[in-house]
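Undergrad: Mind looking at a prediction? Sequence and model below.
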Amino acid sequence: MKVIVPGGAGFLGSHFVERLLQENHEVEIWDNFHSGRRQNIEPLLQKGATLQTIDIRYPLPEVQADAIVNMACPASPPHYQQDPIYTWETSVLGTRNLLNLAKKNNMIFMQASTSEVYGDPKEHPQKESYWGHVNPVGIRSCYDEGKRAAETLAMDYHRACGVDVRIFRIFNTYGPNMHPDDGRVVSNFCVQALRGKPLTIYGDGSQTRSFCYVTDLIEGIYLFLMSKSSVIQENRVINLGNPGEFTIKQLGETIFELLGKKEANWEHLPLPSDDPARRRPDISLAKKILNWEPRISLKEGLKPTLDYFRKEIFG
């Protein structure tokens, strides 16, 4: 296949491009490096991927391909809140432009969505059928509602235009290629612990997340792309994440344990607005449709993640 990957220079995008190259697919990366990093894709370009510097909010070049896997959008709160209008435009206008291209050229269109579409959920764990509990005017809504609108657009293009649409909702993912200043909890904790600083906890640390190692997530996305359309006809939206649930405090304690530190050191700050109290995916559908589930435990995944951040910080 020839696959276009908008956002291919980002954390998840670069890993997905690498997975495609492993199977000898032709890959074209589209990125404007708003939050992606060139160092993530330099090895991939040497392996045969190509790059176009493109902002998907604007008119796109004419190109033929078999699939578009849209992973373009800032995904960490500090990054997407820094320019909320850009974030919303990338999710909505960018997705519309890509869908038009997919429609014109009969491509598979895959949309990277997020567990943030569930907001601060009233249902636990979260199934794909849950509609969510989202603040439409909060500081996170540029991302949350942008992704929800992108899902709406994608399904409307499927129903009205016959585009082969596949939407995967990503739960918290971590691993190498994350930006040290990413702003999400795993990168924050790893960098702070390695630098000998206290770990910043918002609230009391009892809020929960489910942490999926990046290679597990990427395998789920790849299997979804490779699935025959007839197999997923009634299941075009799938959760991808690790159903293991940990409190934020447990995450920090695990990192300290792996670094051989006897005591955890915390700095408590107020809980941000609209921060979800609990988050855990129901992945029954992914197990059934894709025969997929995560294999790497939190401890196993944090070891190479800490090694990666150690090199990033200290060289």
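TA: Structure received. Quantities reported herein were computed from a predicted structural model and do not represent experimental measurements. Numbers count the residues shown, from 1 in each chain.
Undergrad: counting contacts, what elements does the helix ranked longest in the chain pack onto?
TA: Determined from DSSP state H, the single longest helix within the chain is helix 141-161. The contact analysis (3 or more C-beta pairs under 8 Å, 6 or more residues apart in numbering; DSSP states H and E) places helix 141-161 against helix 77-82, helix 84-89, helix 95-105, strand 108-114, strand 164-170. (Each C-beta comes from the backbone N, C-alpha and C, glycine too.)
Undergrad: Report the angle between that helix and helix 95-105.
TA: 20 degrees (axes from the mean of the first three to the mean of the last three C-alpha atoms, to 10 degrees).
Undergrad: Can you give me the buried ones in helix 141-161?
TA: 141-151, 153-155, 157-158 (16 or more other C-beta atoms under 10 Å).
Undergrad: Save the helices and strands packed on helix 141-161 as TSV, and put in mean neighbour count, mean pLDDT and distance to residue 180 too.
TA: What follows is these, written out as TSV (neighbours: other C-beta atoms under 10 Å; pLDDT from 0 to 100; distance: least, C-beta to C-beta, whole Å):
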stretch	mean neighbour count	mean pLDDT	distance to residue 180
helix 77-82	18	84	12
helix 84-89	18	96	21
helix 95-105	20	98	29
strand 108-114	23	98	22
strand 164-170	22	98	21
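Undergrad: Any chance of CSV for these, columns distance to residue 3?
TA: CSV is the format used below for these (distance: least, C-beta to C-beta, whole Å):
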stretch, distance to residue 3
helix 77-82, 25
helix 84-89, 24
helix 95-105, 12
strand 108-114, 9
strand 164-170, 13
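Undergrad: nearest to residue 201, of the ones you listed?
TA: helix 77-82 (15.2 Å; C-beta to C-beta).
Undergrad: how far does stretch 204-214 sit from the chain's center?
TA: From the chain centre to the centre of stretch 204-214 is a distance of 14 Å (C-alpha atoms, centre = their mean, to the nearest Å).
Undergrad: In space, what's closest to residue 149 - neighbours in sequence excluded?
TA: residue 92 (4.9 Å; C-beta to C-beta, 6 or more residues apart in numbering).
Undergrad: hang on, the earlier thing: the inter-axis angle of the longest helix of the chain versus strand 108-114?
TA: 150 degrees.
Undergrad: how about the CA coordinates for helix 141-161, as PDB?
TA: Extracted as PDB, the C-alpha positions of helix 141-161 are listed here (Å, rounded to 0.1, in the frame of the first residue of the first chain):
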ATOM      1  CA  SER A 141     -12.600  21.800  24.500                       C
ATOM      2  CA  CYS A 142     -10.500  23.000  21.500                       C
ATOM      3  CA  TYR A 143      -9.100  19.500  21.500                       C
ATOM      4  CA  ASP A 144     -11.900  17.500  23.000                       C
ATOM      5  CA  GLU A 145     -14.700  19.000  20.800                       C
ATOM      6  CA  GLY A 146     -12.300  19.300  17.800                       C
ATOM      7  CA  LYS A 147     -11.800  15.600  17.900                       C
ATOM      8  CA  ARG A 148     -15.500  15.000  18.400                       C
ATOM      9  CA  ALA A 149     -16.300  17.200  15.400                       C
ATOM     10  CA  ALA A 150     -13.700  15.300  13.300                       C
ATOM     11  CA  GLU A 151     -15.400  12.000  14.100                       C
ATOM     12  CA  THR A 152     -18.700  13.500  13.100                       C
ATOM     13  CA  LEU A 153     -17.300  14.700   9.800                       C
ATOM     14  CA  ALA A 154     -15.700  11.300   9.100                       C
ATOM     15  CA  MET A 155     -18.900   9.400   9.700                       C
ATOM     16  CA  ASP A 156     -20.900  11.800   7.600                       C
ATOM     17  CA  TYR A 157     -18.400  11.300   4.700                       C
ATOM     18  CA  HIS A 158     -18.900   7.600   5.200                       C
ATOM     19  CA  ARG A 159     -22.700   7.700   5.200                       C
ATOM     20  CA  ALA A 160     -23.100  10.400   2.500                       C
ATOM     21  CA  CYS A 161     -20.100   9.700   0.200                       C
END
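Undergrad: Let me see the mean pLDDT of that helix.
TA: Averaged over helix 141-161, pLDDT sits at 97.
Undergrad: what's the answer for stretch 1-19, then?
TA: 98.
Undergrad: How far does that stretch sit from its chain's centre?
TA: The answer for stretch 1-19 is 12 Å, by C-alpha atoms, centre = their mean.
Undergrad: Could you list the buried residues of that stretch?
TA: 3-19.
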